[in-house]
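Peer 1: Attaching a predicted model along with its sequence, questions to come.
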Amino acid sequence: MRVLITNMRLARFSGSEVAAELVADGLRRAGHEPVVYAPALGDQAERMRVRGHIVADRLGAIPFRPDVIHAQHSSPAIMAMAAFPDVPVVHVCHSARFAQEAAIIHPQVRRYVAVDELCRQRCLADGAPRDRLSIVHNPVDLERFVQRPPLPAKPKRALLLTKTKEQRLAVLAACKARGIEVVELGPGVGRVSASIEEELPGFDIVFATARMALEAAAVGCAVVVADGRGMAGMLTSARWPEWRRQNLGAALLAHPVTAEGLGAALDDYDPDDARAVSSQVRTAADLEGYTQEMIALYRLAVDEGVTASASELALRNATLLEDWLPTPTDRPWRQLATEKRWIPDWERELLSIEARLEAAGEKQRVRLKRHIEALGGEMRERFDLLAAVARPAVRGDDDGG
């Protein structure tokens, strides 16, 4: 089977990027032909190419017509759907929070996949049909993440593996009180590893959530599920079945992050139970099993095919473009642009102020309106300055630009 995998980028080894690479690895090992399309490529894409994967940042460079599209992220997924309008789509949601993870409601999308219960609820809220929505939990590549030797009786080294910063001081304080050395790694601290599987065996305890926590548990580290959003505590063999259903992620982070709370989690350290958790993870989360689950969904989508008429597809495509191409309206494209910081800081601030105006009292409205006027004046001054600088060059330009 030929599978086109989409993602916003393939460069930084972030959650969805690693997920796209995992899908491609699993499919190749199972004898299928994956290709990854991402508009933004980087070191991760190059590493995949060296290993024999086909990666493209232009749909025109895809060397074959795919049998199915494994869609991650709305924007590149919609682009791929436009390029291959007769190819069925399996849409995968990795987050209940971000605009780019919204379920695409379109006749071409035959199946929907959520990685946990929170994402499932988000897909239903977006309008995904309940009878076409499945939960397929995230996997671990057990060929990469090998089991470490048994943990020591007392932990000596901890790894803070994170995309956030808010929990740093609490983690450091809790570990310092127990004589545990801490190493920090991840986008939240500006140090990213392309080979995390080589780092993990050197640590006894890992502070992480979601995919990072899953990989650490598979290796055999004791895992404290926590990040800047909140904490759940120490992952144990008794907690694994329920926490797995929540992807070791946001739905579990019910407690505030404090040094005292993290200290209590550290005091639950149990080398034997961490080994039991590792065995559970390696049994339930193997990449091979995940790949077979996804292939079964691909086959269902392919067997059904895309049955909508050309005119119906055209109208639904137009609806997607109305939502995802920039316009003056407040539609999904704007939320995505704000999340990705594609909207300039001053415009984001104006949008924030406008939202605050609606909920403000009369005195607050006056102050906020003055702030808006000041921002507007600043932008006019910048525009006038740029125009003055550019004017001589424009006079000598013949191309009408």
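Peer 2: That came through fine. Numbering: from 1, shown residues only.
Peer 1: His371: how many residues sit nearby?
Peer 2: By the criterion of other Cβ atoms under 10 Å, His371 has 14 neighbours. Backbone N, C-alpha and C define where each C-beta goes, glycine included.
Peer 1: where's it, which helix or strand?
Peer 2: Taking DSSP states H and E as the criterion, His371 maps to helix 362-395.
Peer 1: And for Phe145?
Peer 2: Using DSSP H and E, Phe145 sits within no helix or strand.
Peer 1: is it true that it touches Cys221?
Peer 2: No: between Phe145 and Cys221 there is no contact under Cβ atoms under 8 Å: 10.4 Å.
Peer 1: Show me the strands in the stretch 51-200 of the chain, by range?
Peer 2: Assigned by DSSP state E, counting those that start in this stretch, the stretch 51-200 of the chain shows strands spanning 54-56, 68-71, 89-93, 109-114, 133-135, 157-161, 181-185.
Peer 1: about what we covered before: more neighbours: which of Phe145 and Cys221?
Peer 2: Neighbours were counted for Phe145 and for Cys221 using other Cβ under 10 Å; Cys221 has more, 29 against 24.
Peer 1: wouldn't that one be in contact with Asp204 here?
Peer 2: Yes: Cys221 lies in contact with Asp204 (Cβ under 8 Å); the separation is 6.6 Å.
Peer 1: ok, the residue nearest to Val183 when sequence neighbours are not counted - contacts?
Peer 2: In space, and not counting its chain neighbours, Val183 is closest to Leu159: 5.3 Å by Cβ to Cβ, 6 or more residues apart in numbering. Listed by Cβ atoms under 8 Å, 6 or more residues apart in numbering, the contact set of Leu159 reads 182-185, 199-200, 203, 205-208, 216, 221.
Peer 1: What confidence value was assigned to Leu159?
Peer 2: Here, the pLDDT recorded for Leu159 equals 96.
Peer 1: Offset the numbering so it begins at 25, please.
Peer 2: Right, with 25 as the first residue, what we last looked at is Leu183.
Peer 1: ok, it to Cys143 distance?
Peer 2: Distance of Leu183 to Cys143, computed by Cβ to Cβ, to the nearest Å: 26 Å.
Peer 1: how about Lys364, phi and psi?
Peer 2: Phi and psi for Lys364, reported as degrees, to the nearest 10, are phi -90, psi 0.
Peer 1: before we move on, back to that, okay, and the common contacts of Cys245 and Asp228?
Peer 2: Common contacts of Cys245 and Asp228 (Cβ under 8 Å, 6+ apart): Leu175.
Peer 1: Show me what counts as buried in stretch 345-363.
Peer 2: By neighbour count on 16 or more other Cβ atoms under 10 Å, the buried set for stretch 345-363 is Asp347, Trp348, Pro356, Trp357, Arg358, Leu360.
Peer 1: Include pLDDT and secondary structure when you put those into a markdown table, please.
Peer 2: What follows is the buried residues of stretch 345-363, written out as a markdown table (pLDDT from 0 to 100; DSSP: H, G, I helix; E, B strand; the rest coil):
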| residue | pLDDT | secondary structure |
| --- | --- | --- |
| Asp347 | 89 | helix |
| Trp348 | 86 | helix |
| Pro356 | 86 | helix |
| Trp357 | 83 | helix |
| Arg358 | 82 | helix |
| Leu360 | 85 | helix |
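Peer 1: what would the residues you listed look like in TSV with distance to Gly84?
Peer 2: Converted to TSV, those look like this (distance: Cβ to Cβ, whole Å):
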residue	distance to Gly84
Asp347	24
Trp348	20
Pro356	26
Trp357	23
Arg358	28
Leu360	24
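Peer 1: Glu190: which of those is nearest?
Peer 2: Proximity of these to Glu190 was ranked by Cβ to Cβ; the top entry is Leu360 with 23.8 Å.
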